[in-house]
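Engineer: Structure, please.
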Amino acid sequence: QVHLVESGGGLVQAGGSLRLSCAASEQIFRTYSMGWFRQAPGNDREFVAGSTSFGENAYDADSGKGRFTISRDNAKNTLYLQMNSLKPEDTAVYYCAATQSTYYSRTWPDWDYWGQGTQVTVSS
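Structural biologist: Below is the predicted model of the structure:
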């Protein structure tokens, strides 16, 4: 059974920072691509950033490139999303996800496993 457990969300003022964490089982973390998605009310779930098991990272141009950094801690089987210079439009539920595919899709239905989500709220 796959478990992805997110933490680190919360309320922050515009311009502030948050770091999200996603703890995964070792098998998943070592062999799957991992990623972050977000979903704001009324919107579809959108890709934010992804990281292959080889550590190759990619970002969505509109969802935080230049402000967000995805990273992996192999010793802790944990995926992170460091979010800086947060804006009110970054407010959403952020989800950790995993997929077997190295050449992963940025479309959320194509991903295999999901965490429960963590709320990020950025006040103006």
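
Engineer: does the residue positioned nearest the centre of the chain have beta-bridge partners, and which?
Structural biologist: Centroid check for the chain by CA atoms, centre = their mean gives Trp36 as the closest residue, at 2.1 Å. Beta-bridge pairing of Trp36 under DSSP bridges involves Ala49, Cys96.

Engineer: from what I can see it touches Ala92, true?
Structural biologist: No. Applying CB atoms under 8 Å as the test, Trp36 and Ala92 come out as separate, 10.5 Å apart. C-beta here means a position set from N, CA and C on the backbone, and glycine is covered the same way.

Engineer: quick one: the helices in the chain?
Structural biologist: 26-31 (DSSP state H).

Engineer: residue ranges with poor pLDDT in it?
Structural biologist: The model of the chain has pLDDT under 70 over residues 1-2.

Engineer: Which parts of it are strands?
Structural biologist: 4-7, 10-13, 18-24, 33-39, 46-51, 57-59, 68-73, 78-83, 92-99, 113-114, 118-123 (DSSP state E).

Engineer: Quick check: the gap between the residue nearest to the centre of the chain and Glu46.
Structural biologist: Relative to Glu46, Trp36 is positioned 10 Å away (CB to CB, to the nearest Å).

Engineer: Can you give me the end-to-end span of stretch 73-93?
Structural biologist: Stretch 73-93 has an end-to-end distance of 23 Å (criterion: CA to CA, to the nearest Å).
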